[in-house]
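# Generate a structure from the sequence data that follows.
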Amino acid sequence: MKYHQIDRQLFIKNRTKFIAQMKPNSVAVFNSNDIYPVSADSSLPFAQHRDIFYLSGVDQEESVLLLFPEAPYEHQREMLFLKETSEHIAIWEGEKLTKDRAFEVSGIKTVYWLQDFHKILNEMMTYSDTIYINTNEHYRAAVETETREDRFVKWWKAKYPAHQVAKSNPILQRLRSVKESEELDLIQQACNITELGFRRLLPFVKPNVTEYEIEAELIHEFIRNRSKGFAYTPIIASGNNANVLHYIENNQQCKAGDLILLDVAAEYANYSSDLSRTIPVSGRYNERQKAVYNAVLRVKNEATKMLTPGTLWKQYHVEVGKLMTSELLGLGLIDKADVQNENPDWPAYKKYFMHGTSHHMGLDTHDYGLLNEPMKANMVFTVEPGIYIPAEGFGIRLEDNVVVQEKGEPFNLMHTIPIEIDEIESLMNA
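Now for the predicted structure:
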C-alpha cells in the first residue's frame, strides 16, 4: 500500500465497539471484496470492502474476519483468515500478508490460512446460536453484481438453516458514522492531498486547456503524495457541462470566459475527501458569475453552521432550502409568485439546486450514517450547495468537508483550500 501503516489500536477499538453491540452467543463474519475481471486475464484494481477494513485494517483480497466474543477459548474470539502466501506468490503478485504481519496490522493474534475457514466456522457454529451477516443496506446502494459477501450469505443460509440471523449493517451504520480521532486524521490527510492538487492546477488552467489535462494534473499530485488516486470518479465540467450533475466524460476544451466546476478529491488509506470548487477558465470571474458564486458561498457558510449535535438531516435540508430560495430571489432566477405557488414536494428553488446539501463522509465518499437519527459530534459531513443555470451556460458548486463538534460550529477540514473569489483569481494570475 502507498499509505503509511495505520496504528492497529484504531482497529482494536473498532472491533471492541462492534462486539459490544452483538447479541449473546453470536458470531459475525466479514468478507473482503472480490477482484473484478475486465476481460481475458485483466482485472480492475482491487478495492477492499470497507467493513472488513474498518474492523481489521486488512487491505487485501481473499480475506475473512470472524468475531465470536463468547467462544469457548480465547484464541477463537477474533480470527483472521488470509490467502496463503508463498515465495511464488511474492514473485508473481508481490508481498501478501504473513501471519505475523497480519497481527501487526490488525492486532488479531489468531490468523489462519483461508483453506481452514470452513472447518473452523463449522466448529464455531456448533457453539453459537446466531450469526451476523453483512448485507449492504446503505440508502444509496443499488448493487447488481453479486459480491463475495453475497455468495457467503447464500452458502451459509443453505449450510446452517437452524441458526438465527442478525444484521451487522445497522451496528456499522452507527459506529462508522462517528469517527475516532485517528480516522479524522486520515480524512484530514486526504483533504490535505486534495489541496495540493487544487493549488497545482490553479496556475495551470488557461483558455483551451482540456478537461482531461486538468484531471492529469490532479492525479499526478495525488499519487505523488501517497494517495491511490481519486476518491470517486472526478467531475471536471467546463461551461454547460457543469449543469450535468454527474458529468464524468472530462473530454472537452475549456473556453475563454467559461467556468469549470470541479468535483474532485483524493483518497488516503481508503478514507475519502470530497471537494467542489468552481474556477474561471480565463482567471477572472465576470460580474454575473461573481454574483452567483457569492450566493452559493453564502448558502454554504450558513448551512455549515447548522451541522450541530441533535440536528435532524431532513429538517436541515428544509432550512437550507430557505437560504437558497432567498439567494435565488436576489439573483432574479425566481420570483415571489414562484415561491407562493410552489409544489411543497418540489420547491421553487429545486429548479436551480436539485440535489442534497450534505452527506456523511469517511471510508466511503457517501459514508455510513442513518439519516433518521440526530447528528452527533465527530460525524463528518460534506456541505455542497450549488446553482445550475443552463440558460446562462454555467453552474457553480462549492463543497467542503466538516466535522461536527460537541459545541459550536463544525470544524472545516478544508479551511485552507482557496474558496474566496479574490484568492482564486490571485492564484490563477500569479
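# Flag the shaky bits of the stretch 101-250 of the chain, pLDDT-wise.
Filtered on pLDDT under 70, the stretch 101-250 of the chain yields no residues whatsoever.
# Please, where are all the helices along it?
117-127, 148-159, 169-177, 181-201, 211-223 (DSSP state H, counting those that start in this stretch).
# List the contacts of the closest residue to D258 other than its chain neighbours.
Among residues not flanking D258 along the chain, G239 sits closest, at 4.2 Å (C-beta to C-beta, 6 or more residues apart in numbering). For the C-beta atoms, the positions are set from N, CA and C on the backbone; glycine is no exception. By C-beta atoms under 8 Å, 6 or more residues apart in numbering, the contact list for G239 reads Q252, C254, K255, D258, L259, G393, F394.
# Mind giving me the ChimeraX command for buried ones among those?
In ChimeraX, this line selects whichever of the contacts of G239 come out buried by 16 or more other C-beta atoms under 10 Å:
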select :252,254,258,259,394
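# Need the contacts of G239 in JSON lines (columns: pLDDT).
Output for the contacts of G239, formatted as JSON lines (pLDDT from 0 to 100):
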{"residue": "Q252", "pLDDT": "98"}
{"residue": "C254", "pLDDT": "98"}
{"residue": "K255", "pLDDT": "98"}
{"residue": "D258", "pLDDT": "98"}
{"residue": "L259", "pLDDT": "98"}
{"residue": "G393", "pLDDT": "98"}
{"residue": "F394", "pLDDT": "98"}
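# Relative to K83, how far out is the residue nearest the centre of the chain?
Centroid-nearest residue in the chain, with C-alpha atoms, centre = their mean: T365, separated by 1.5 Å. Distance, T365 to K83, using C-beta to C-beta, to the nearest Å: 28 Å.
# before we move on, what about I214?
I214 sits 39 Å away from K83, going by C-beta to C-beta.
# Repeat that for L196.
35 Å.
# Is the residue nearest to the centre of the chain in a helix, a strand, or coil?
coil (DSSP: H, G, I helix; E, B strand; the rest coil).
# related to what we said a few turns ago, dump the contacts of G239 into a markdown table; add distance to A295 as well.
Formatted as a markdown table, the contacts of G239 follow (distance: C-beta to C-beta, whole Å):
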| residue | distance to A295 |
| --- | --- |
| Q252 | 26 |
| C254 | 23 |
| K255 | 23 |
| D258 | 19 |
| L259 | 14 |
| G393 | 17 |
| F394 | 13 |
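# I223: which of the contacts of G239 is nearest?
Comparing those against I223 with C-beta to C-beta places C254 closest, at 23.1 Å.
# what about T278, which helix or strand?
If you go by DSSP states H and E, T278 is part of strand 276-280.
# Also D274?
Using DSSP H and E, D274 falls outside every helix and strand.
# Could you tell me how many residues sit around it?
Neighbour count for D274, taken as other C-beta atoms under 10 Å: 27.
# Distance check, it against F46.
From D274 to F46 the distance is 22 Å (C-beta to C-beta).
# Over to E78?
In terms of C-beta to C-beta, E78 sits 24 Å off from F46.
# Comparing those two, which residue is more hemmed in?
E78 (23 against 13).
# Beta-bridge partners for that one, please?
On the basis of DSSP bridges, E78 is bridged to L67.
# Might you report the residue contacts of it?
E78 neighbours (C-beta under 8 Å, 6+ apart): R15, L65, L66, L67, I108, K109, T110.
# buried subset of these?
Among those, the ones that count as buried by 16+ other C-beta under 10 Å are R15, L65, L66, L67, I108, T110.
# what's the helix or strand for F18?
Using DSSP H and E, F18 falls in helix 9-20.
# Same question for that helix: list its buried residues.
Those would be L10, F11, I12, N14, R15, K17, F18, I19, for helix 9-20 by 16+ other C-beta under 10 Å.
# Same check on stretch 231-243?
A231, Y232, P234, I235, I236, A237, S238, G239, N240, N241, A242, N243.
# where's the first one relative to S273, distance?
In this structure, A231 and S273 are 6 Å apart, going by C-beta to C-beta.
# Over to the fourth one?
I235 sits 14 Å away from S273 when distances are taken as C-beta to C-beta.
# Any buried residues in whatever helix or strand F81 lives in, and which?
Assigned by DSSP H and E, F81 belongs to strand 78-82. Residues of strand 78-82 classed as buried: E78, M79, L80, F81, L82 (neighbour count, 16+ other C-beta under 10 Å).
# and of these, the nearest to K119?
F81 (10.6 Å).
# In contact with the closest one, which residues?
Counted by C-beta under 8 Å, 6+ apart, F81 has contacts S63, V64, L65, L66, V111, Y112, W113, L114, D116, F117, I120.
# Report the buried members of these.
Buried members of the contacts of F81, scored by 16+ other C-beta under 10 Å, are S63, V64, L65, L66, V111, Y112, F117, I120.
# export those residues to a markdown table and tack on distance to S39?
Below are the buried ones among the contacts of F81 laid out as a markdown table (distance: C-beta to C-beta, whole Å):
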| residue | distance to S39 |
| --- | --- |
| S63 | 25 |
| V64 | 28 |
| L65 | 31 |
| L66 | 34 |
| V111 | 34 |
| Y112 | 34 |
| F117 | 30 |
| I120 | 36 |
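# Which elements pack onto the one helix or strand I52 maps to?
Using DSSP H and E, the element containing I52 is helix 50-56. Under the contact definition 3 or more C-beta pairs under 8 Å, 6 or more residues apart in numbering; DSSP states H and E, helix 50-56 sits against helix 9-20, strand 26-31, strand 63-67, helix 169-177.
# 10 Å - rerun?
Counting contacts by 3 or more C-beta pairs under 10 Å, 6 or more residues apart in numbering; DSSP states H and E, helix 50-56 is packed against helix 9-20, strand 26-31, strand 63-67, strand 78-82, helix 99-106, helix 169-177, strand 271-272.
# Output the contacting helices and strands for the fifth one.
Right, the one you point to is helix 99-106. Helix 99-106 packs on helix 9-20, helix 50-56, strand 63-67, strand 78-82, strand 110-113, going by 3+ C-beta pairs under 10 Å, 6+ apart.
# Mind listing residues that contact it?
Residues from elsewhere that reach helix 99-106 (C-beta atoms under 10 Å, 6 or more residues apart in numbering): 1, 5-6, 8, 11-12, 15, 52, 55-60, 63, 65, 78, 80-82, 84-85, 95-98, 108-113.
# which stretches of the stretch 301-430 of the chain form helices?
Counting by DSSP H, counting those that start in this stretch, the helices of the stretch 301-430 of the chain are 313-331, 336-340, 421-428.
# which one among the contacts of E78 gets closest to Y293?
For the contacts of E78, the nearest to Y293 is R15 (45.6 Å; C-beta to C-beta).
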